[in-house]
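Undergrad: With the sequence up front, the predicted model follows.
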Amino acid sequence: MSSKFAWFGAIAGFCLVLAACGGGGGGGSSTTATNSSGTTSGSTTTSGSTSSSTSSSSTSNSTSSTNTTPWADATATPTAVNGTNAVAISVSNQPFGLVNAPMVSVTVCQAGSGATGSTCSTIPNVLLDTGSYGLRLFASVVPSNTLTALGAPSVAECGLFVSGYTWGGVHNADIQLGTKVAASVPVQIIGDSAITASAPSECQIGTAMTTPNAAFANGILGVGNSQYDCGTGCVSGAQSGAYYTCSGSPSTCTATTQPLASQVQNPVALFPTDNNGVIVEMAQVADLGATTASGTLVFGIDTASNNTLSGTGATLLKTNNAGNFTATYKTQTFTDNAFFDSGSNGLFFPDSSIARNGSWYAPSTTLPLTASLTNSSANASATTTALNFNVANEATLAATHNYAFNDIAGAAAGMMDFGLPFFYGRHVYVGIAGKSSAGGGTGPYVAYVSQ
């Protein structure tokens, strides 16, 4: 299993994504590169979780366009937060000082409690990640009464991300987001004291995300295109780097199978209603950034008046189960290795022709670039659409001491990771595999509107 997560990877079964290295910037906002599941590797943070599928075919880079004027920004405005199916997203310097880190609050309670009572605790600053699946919280941020109420873990799990890994027990919990409640959802508790064994060697890839500071968040809420973080592969056979049973003293852990219902999974899919996907809507920010940014996470697609996809004229892309589609940039085609990943804090793609500051791109003037997007190779239709985006100088952006940027980008190999900069000024739809909507058909798919 590997995940996307820019400044580290996220989980799509865990889908693996590349991490970009942080450039300079002086004392202010941290432009550590991070990929969609939010971990970091040293001073580097990568964004974006990619799926396990194909690598890109690439040739030499060339000039993308004769246009030298930056593209106009997307202008869609977020839906209002409400008491039913729409909760707030915030980007700021608090408390971890990472740029482009979209945070939500999540309430966890004893399984079967109906998300009511004294066992419930609301955990703030949980990274919103469309590149992974399932809720992962650090044990250190869960109050003791709630942690005790979750009971003993059923198994241990290794979560593999682009920039590192998580290790902890799987517990069942009732999860509340806004007023939506998902009952008895398997979640990972990172650093769970009930798991005394160290992570197996095959899990120890990159940085050990053992504390919130290591992941720049109190946890990760994966709301990507798959319901399950490993899927049928973990049902049919024990997968290295996934689920483990631990026993003995000193404790040792052995890879094991895991039924679908017991896998860490996207809680949105378990809501009684509005459970076929999410929409991530971020307000646009200025091209030199903003100190804060806000948005709305909307549950459901074509299930209520505030989550309509049908009839909007949105660009729709059919994906594989990991949420990946195909993109062409200049002379490079990334077959089933392009994705929209809110957990990545930049745009990440390969282009040796652009000057760099560390692993961040630093062109002398803002570059207007274009990529062509098409469906995953699993879908017969090959309609393409052009996506325009801008890339500014990372050092110039860092000098502003802002924390929300729509044009920050870094180098990554073999993929196109459209991280949080892509989301500003757009409504980005994520349709869950196997679930249908009027406008998107049967998931998995992604879609977006830009005005």
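TA: Cool, the structure landed. Fair warning: this is a prediction, and the values are worked out from it, not measured in the lab.
Undergrad: Just give the nearest non-adjacent residue to the spatially most central residue of the chain, would you?
TA: Geometric centre of the chain, nearest residue: D129, 2.6 Å, by C-alpha atoms, centre = their mean. Spatial nearest neighbour of D129, chain neighbours left out: G343 (3.3 Å); criterion: C-beta to C-beta, 6 or more residues apart in numbering. C-beta coordinates here come from the backbone N, C-alpha and C atoms, glycine included.
Undergrad: Tell me how far the one you found lies from S364.
TA: 30 Å (C-beta to C-beta, to the nearest Å).
Undergrad: do A72 as well
TA: 21 Å.
Undergrad: between these two, which one's more packed in?
TA: Per other C-beta atoms under 10 Å, whichever of A72 and S364 has more neighbours is A72, with 12 against 8.
Undergrad: State whether the more buried one is indeed within a strand.
TA: No: A72 is assigned coil when assessed by DSSP: H, G, I helix; E, B strand; the rest coil, not a strand.
Undergrad: so what's it up against?
TA: For A72, the contact set (C-beta atoms under 8 Å, 6 or more residues apart in numbering) is empty.
Undergrad: so how far is T130 from S226?
TA: Applying C-beta to C-beta to S226 and T130 gives a distance of 11 Å.
Undergrad: Go through the protein and flag its longest strand.
TA: strand 164-177 (DSSP state E).
Undergrad: ends of stretch 89-97, how far apart?
TA: Its start and end residues considered, stretch 89-97 measures 16 Å (C-alpha to C-alpha, to the nearest Å).
Undergrad: lowest average confidence, helix or strand, in the protein?
TA: Lowest mean confidence among the helices and strands of the chain (mean pLDDT, DSSP states H and E): strand 40-41, at a mean of 28.
Undergrad: what helix or strand does whatever residue is furthest in space from the centre of the chain sit in?
TA: Centroid-distance maximum for the chain: S249 at 36.5 Å, with C-alpha atoms, centre = their mean. Following DSSP states H and E, there is no helix or strand that holds S249.
Undergrad: how much space is there between it and G169?
TA: From S249 to G169 the distance is 17 Å (C-beta to C-beta).
Undergrad: Doesn't L397 lie inside a helix?
TA: Yes: the assignment for L397 by three-state DSSP puts it in a helix.
Undergrad: returning to that earlier point: list residues touching both of S226 and T130?
TA: G323.
Undergrad: Looking at the two, which has the bigger crowd around it?
TA: T130 (34 against 29).
Undergrad: centre of the chain versus stretch 431-445, how much separation?
TA: When distances are taken as C-alpha atoms, centre = their mean, to the nearest Å, stretch 431-445 is centred 19 Å away from the chain's centroid.
Undergrad: Could you pull out the buried residues of that stretch?
TA: 431-433, 435, 437, 439-440, 443-445 (16 or more other C-beta atoms under 10 Å).
Undergrad: ok, and what's touching it?
TA: Counting by C-beta under 8 Å, 6+ apart, 225-227, 266, 268-269, 275-277, 301-303, 308-312, 314, 316-321, 323, 429, 446-447 sit against stretch 431-445.
Undergrad: mind redoing it with 6 Å?
TA: Applying C-beta atoms under 6 Å, 6 or more residues apart in numbering, the external contacts of stretch 431-445 come out as 225-227, 269, 276-277, 301-302, 309-310, 318-319, 321.
Undergrad: Buried among those? Need that as a selection in ChimeraX.
TA: Selecting the buried subset of those in ChimeraX, with 16+ other C-beta under 10 Å as the burial test, is done by:
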select :225,226,227,269,276,277,301,302,309,318,319,321
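Undergrad: what's the lowest-pLDDT member of the contacts of stretch 431-445?
TA: Within the contacts of stretch 431-445, pLDDT reaches its minimum at N321, with 91.
Undergrad: does it really touch G224, like I thought?
TA: No: look at N321 against G224 with C-beta atoms under 6 Å: they stay out of range, at 9.3 Å.
Undergrad: rewinding a little: just name the closest of the contacts of stretch 431-445 to Y329, please.
TA: Closest to Y329 out of those is T319 (17.7 Å), distances taken as C-beta to C-beta.
Undergrad: my guess is the closest one contacts S376, does it?
TA: Yes: using C-beta under 6 Å, T319 is in contact with S376, at 5.0 Å.
Undergrad: Give the intersection of the neighbour lists for these two.
TA: F325.
Undergrad: if I pick G169, what's in contact with it?
TA: 153, 156, 189, 192, 194-195 are the contacts of G169 under C-beta under 6 Å, 6+ apart.
Undergrad: For those residues, name the two members farthest from one another.
TA: A156 and I189 (10.1 Å).
Undergrad: For L369, report the pLDDT, please.
TA: So, for L369, pLDDT stands at 98.
Undergrad: strand partners of whichever strand or helix holds T326, parallel vs antiparallel please.
TA: Assigned by DSSP H and E, T326 belongs to strand 325-329. Using DSSP bridges, the neighbouring strands of strand 325-329 in the sheet come out as strand 332-340 (antiparallel), strand 367-374 (antiparallel).
Undergrad: all helices for the stretch 251-400 of the chain, in order.
TA: Applying DSSP state H, counting those that start in this stretch to the stretch 251-400 of the chain gives helices spanning 394-398.
Undergrad: Do you have the strands of it handy? List them.
TA: 252-255, 277-282, 293-299, 315-318, 325-329, 332-340, 347-349, 356-357, 360-361, 367-374, 385-391 (DSSP state E, counting those that start in this stretch).
Undergrad: closest one to A80 among those?
TA: strand 293-299 (7.1 Å).
Undergrad: Give me the contacts around that closest one.
TA: Taking C-beta under 6 Å, 6+ apart as the rule, strand 293-299 contacts 78-79, 81, 85-87, 89-91, 180, 268, 274, 278-279, 281-283, 285, 307, 404.
Undergrad: In PyMOL, how would I select the buried members of those residues?
TA: With 16+ other C-beta under 10 Å as the criterion, this PyMOL line picks the buried residues out of these:
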select buried, resi 78+79+81+85+86+87+89+90+91+180+268+274+278+279+281+282+283+285+307+404
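Undergrad: ok, back up a step: looking at the contacts of G169, which is nearest T122?
TA: The closest of the contacts of G169, once distances to T122 are taken by C-beta to C-beta, is I189, at 16.1 Å.
Undergrad: sorry, back to before: in strands only, show me the contacts of G169.
TA: Per DSSP E, those map to strands at 156, 189.
Undergrad: And for F325, the neighbour number?
TA: 26.
Undergrad: swap that for Y165, please
TA: So Y165, with other C-beta under 10 Å, has 26 neighbours.
Undergrad: The one 5 residues further on too?
TA: Using other C-beta under 10 Å, V170 is surrounded by 23 other residues.
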